[in-house]
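Fold the stuff below for me.
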Amino acid sequence: MQTLRSVWLLGFILLIGPSLVRSQIYSLPEVGNCVNIYLNAISDITGKIMGLLHDLVKCVKLVTTFNVEALDYSSFKNVVNEFMVKLTSLPVCPLDSFEALRALLKPHMKIIKSYKCSYLGVPAKCIPKTPKASKGLEAFQL
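As a prediction, this is how the structure comes out:
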């Protein structure tokens, strides 16, 4: 546990350190809010990702002859290859999974955009202003 904390702290310092050298200022409440938003998004995804994968496998209708509980490296590669071949032959399945993941992330992405979490440490003058979306592009935005 102590090693994990040390690695996390080192990663955090490596992530923020170069910006501190360039004299950019971080607001700890902003960082805390964004970390909380990202953690909520990650916990929401991890709680539902197995269901999404299960639905994807069910859509692909993957039936394998291998014993899935006792796979060695070569049989695992064969199962993954089978899955990828079926997945690419049915483009509707990944699109449905993408839409489900998109619906899952949509509320979190709105919060991330409103708090400007993608621009932590960036001077205010460098943050792009969000233009009003045209009616044709609304379908492509999260």
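
how about the nearest residue to Leu87, chain neighbours excluded?
Leaving out its chain neighbours, the residue that sits closest to Leu87 by C-beta to C-beta, 6 or more residues apart in numbering is Val60, at 5.5 Å. Placement of C-beta: from N, CA and C, glycine included.

burial count for that neighbour?
A count of neighbours around Val60, defined by other C-beta atoms under 10 Å, yields 20.

On the pLDDT front, check it for me.
In this model, Val60 is scored at 91, pLDDT.

go on, Cys117?
You'll see Cys117 listed with a pLDDT of 79.

Please identify which helix or strand holds the most centrally placed residue in the chain.
With distances taken as C-alpha atoms, centre = their mean, the chain has Ile42 as the residue nearest its mean C-alpha position (7.3 Å). Secondary structure from DSSP states H and E places Ile42 in helix 28-60.

Mind giving me the packing neighbours of that helix?
Under the contact criterion of 3 or more C-beta pairs under 8 Å, 6 or more residues apart in numbering; DSSP states H and E, helix 28-60 touches helix 73-89, helix 92-115.

Good, we can wrap up now.
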